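K.L.:
build me a model:
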Amino acid sequence: MITTVNIDQEFKDLNMQESGLSSYEFDSCIFKDCDFSKSDFNGAVFKDCTFHNCNLSMLSLKDTSFKEVEFYDCKMLGINFQSINDFLLSFKFENCILRMSSFYNLNIAETEFISCDLQEVDFVSANLSKAVFESCDLKKAIFTQTNLQKADLTTAINYAINPSENNIKKAKFSSISIVGLLAHLDIEVV
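P.N.:
Got it, this is the predicted structure:
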């Protein structure tokens, strides 16, 4: 149940560690330099919002809605996105640290990850078709039964994707990083 609706507002320097915005709705709002680490966004709705230089680490997102939401220069460690409301889900991440977060079983087709640190991120069973991983570090990211059809990983680094366990039809990879598709074979490429 939504309790407060905020439209076209800018929020700057909020420090809401371990508190939150549960059951709030935000439409066309901007969040700058805010600390929401370990906060509760459960049931909140964000439409056409942007987050700039915010700390969202360990955020609780049960039934949270993100519709056309963009994150820039944000710290987002250990977030479990799999519990969000996926109806009309759409977001973009640029220059964000998303280490140890989980997108398990989410339909996030066409999502853009630009210059992001995606180390140890769980993409198991996610639909990442047509997703873009531009200049992203995917070290120890987990891809199992992931749909990467037509995804663009040409500038991504450190990934290990087993083609027999994932759908990579028409995905784009650079010839330099193609070794990431052979890692499961335990061979040496020289």
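K.L.:
which strand residues bridge Asn85?
P.N.:
Beta bridges link Asn85 to Ser65, judged by DSSP bridges.
K.L.:
in the protein, which spans are strands?
P.N.:
Taking DSSP state E, the strands of the chain run over residues 4-7, 10-12, 24-27, 30-32, 45-47, 50-52, 65-72, 85-94, 112-114, 132-134, 152-153, 172-173.
K.L.:
and the second one, which residues are buried?
P.N.:
Neighbour-count burial for strand 10-12 flags Phe11 (criterion: 16 or more other C-beta atoms under 10 Å). Bear in mind the C-beta positions are built from the backbone N, C-alpha and C, glycine included.
K.L.:
quick one: contacts of it?
P.N.:
The contact list for strand 10-12, computed with C-beta atoms under 8 Å, 6 or more residues apart in numbering, reads 29-34.
K.L.:
please name the strands paired to that strand in the sheet, noting orientation.
P.N.:
strand 30-32 (parallel).
K.L.:
what lies in contact with the partner strand?
P.N.:
So strand 30-32 is contacted by 9-14, 49-54 (C-beta under 8 Å, 6+ apart).
K.L.:
just the buried subset of those, please.
P.N.:
11, 14, 49-52, 54.
K.L.:
can you redo those residues as JSON lines with distance to Asn166 and pLDDT?
P.N.:
Formatted as JSON lines, those follow (distance: C-beta to C-beta, whole Å; pLDDT from 0 to 100):
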{"residue": "Phe11", "distance to Asn166": "39", "pLDDT": "95"}
{"residue": "Leu14", "distance to Asn166": "39", "pLDDT": "91"}
{"residue": "Cys49", "distance to Asn166": "31", "pLDDT": "98"}
{"residue": "Thr50", "distance to Asn166": "31", "pLDDT": "98"}
{"residue": "Phe51", "distance to Asn166": "30", "pLDDT": "98"}
{"residue": "His52", "distance to Asn166": "33", "pLDDT": "98"}
{"residue": "Cys54", "distance to Asn166": "31", "pLDDT": "98"}
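K.L.:
in TSV, list the strands of the chain along with distance to Leu181.
P.N.:
TSV is the format used below for the strands of the chain (distance: least, C-beta to C-beta, whole Å):
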stretch	distance to Leu181
strand 4-7	45
strand 10-12	43
strand 24-27	40
strand 30-32	38
strand 45-47	35
strand 50-52	33
strand 65-72	28
strand 85-94	24
strand 112-114	19
strand 132-134	14
strand 152-153	10
strand 172-173	7
